[in-house]
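Enquirer: what follows is a protein structure lacking sequence information:
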């Protein structure tokens, strides 16, 4: 456990020096402010920029608070995930290509410790950045548009965090598997985008998929209770997270042993 | 008359809502600028990255941290 904490501190320090702990939360806070403000001013913006013919009646339904929160999560899911994946694509691949991981691995460090410290640190940064951004978005939404019961928001956020953990674990798995950072980023983004796209297009067929968690988050914001098949998706996601962590450790172990004995 | 309408436009901007966005993106720019200046090791010429950070709002500093900064 002491070794684990030491390696975790090393990860933490590295990201502090890279300013990752500063700029990633800042960017998500900015995203979190912008979404409620734009939905609040959308009628004004359209009026001043769109050359509407005289007498055209603008009749927008005012979005509800739950819808604005869902839109914010949608933004986070596109831009936020893109930024996080790009920021962490070199988490193992970069160290392996530069050879700096050898300095850690010559010491009697279990491979599982090496992998889990990286995963926990990455997930911690990602979740705290998303939570900060979302809290700010929540404040703006409550001030400008309306309120949603806090219990709904809390449950929805918990479900969304599971989806974030899924993203970090497949990012880790891909970065153990491939030696190019571009491949890692492309595959992780490709998988998450395909999963969420398929889940929104064919929700019946994809009831098991982790991508459904995002729409379950929206459902929680609106009604406060789970949609059909929520537990199936949640349990399968948890299993995938666990399997990909174990698989990352084994693949990493084999790859490193091979590359040092040949 | 033009100046008056300009001032009117300025007053109609909801500053209490917009100010946090401006301040935060400014902080992001300053952090990236200081880091780029002091750290010095970038992919590609440093002065280009400084221009990118200063003139491209929000996306510039992000691009610098992801692609421009060499972390070794």
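Expert: Structure received. Everything quoted here is computed from the prediction, not taken from an experiment.

Enquirer: low pLDDT regions in the chain?
Expert: With no chain named, the answer covers chain A. Chain A contains residues with pLDDT under 70 at A:50-60, A:259-262.

Enquirer: sorry, I should have been clearer: chain B.
Expert: Answering for chain B: the residues below the bar, that is pLDDT under 70, span B:1, B:72.

Enquirer: residue of it nearest chain A, please.
Expert: residue B:66 (4.8 Å; CB to the nearest CB). C-beta coordinates here come from the backbone N, C-alpha and C atoms, glycine included.

Enquirer: hang on, that residue in a helix?
Expert: Yes. Counting by DSSP: H, G, I helix; E, B strand; the rest coil, residue B:66 is located in a helix.

Enquirer: wait, doesn't residue A:104 sit right on residue A:7?
Expert: Yes. If you go by CB atoms under 8 Å, residue A:104 and residue A:7 touch, sitting 7.2 Å apart.

Enquirer: just give the nearest non-adjacent residue to the residue of chain B closest to chain A, would you?
Expert: Nearest residue to residue B:66, sequence neighbours excluded (CB to CB, 6 or more residues apart in numbering or on different chains): residue A:86, at 4.8 Å.

Enquirer: residues from chain B in reach of chain A?
Expert: Residues of chain B lying close to chain A by CB under 8 Å from any CB of the partner chain are B:14, B:17-18, B:20-21, B:24-25, B:27-28, B:31-32, B:35, B:58, B:61-62, B:65-66, B:69, B:71-72.

Enquirer: any of the residues you listed buried? List them.
Expert: B:17, B:21, B:24-25, B:28, B:31-32, B:35, B:58, B:61-62, B:65-66, B:69 (16 or more other CB atoms under 10 Å in any protein chain shown).

Enquirer: turn those into a markdown table, including secondary structure.
Expert: Below are those laid out as a markdown table (three-state DSSP):
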| residue | secondary structure |
| --- | --- |
| B:17 | helix |
| B:21 | helix |
| B:24 | helix |
| B:25 | helix |
| B:28 | helix |
| B:31 | helix |
| B:32 | helix |
| B:35 | helix |
| B:58 | coil |
| B:61 | helix |
| B:62 | helix |
| B:65 | helix |
| B:66 | helix |
| B:69 | strand |
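
Enquirer: just flag the most distant two among the residues you listed.
Expert: B:17 and B:69 (31.9 Å; CB to CB).

Enquirer: quick one on the thing from earlier: check which helices and strands the stretch of helix or strand the residue nearest to residue B:66 belongs to is in contact with.
Expert: Using DSSP states H and E, residue A:86 falls within helix A:81-88. Secondary-structure packing of helix A:81-88 (3 or more CB pairs under 8 Å, 6 or more residues apart in numbering or on different chains; DSSP states H and E): helix A:20-49, helix A:111-144, helix A:150-177, helix A:181-201.

Enquirer: right, and these - which one's nearest chain B?
Expert: Across the helices and strands packed on helix A:81-88, closest to chain B is helix A:20-49 (CB to the nearest CB), at 5.2 Å.

Enquirer: neighbours of the nearest residue to residue A:179 once chain neighbours are set aside, just the number please.
Expert: Spatial nearest neighbour of residue A:179, chain neighbours left out: residue A:93 (6.1 Å); criterion: CB to CB, 6+ apart. When neighbours are counted by other CB atoms under 10 Å in any protein chain shown, residue A:93 registers 21.

Enquirer: need the overlap of contacts for residue A:104 and residue A:7.
Expert: Taking CB atoms under 8 Å, 6 or more residues apart in numbering or on different chains as the contact rule, the neighbours common to residue A:104 and residue A:7 are residue A:114.

Enquirer: still on that earlier bit, and the residue of chain B closest to chain A, how far is that from residue A:43?
Expert: According to CB to CB, to the nearest Å, residue B:66 stands 35 Å off from residue A:43.
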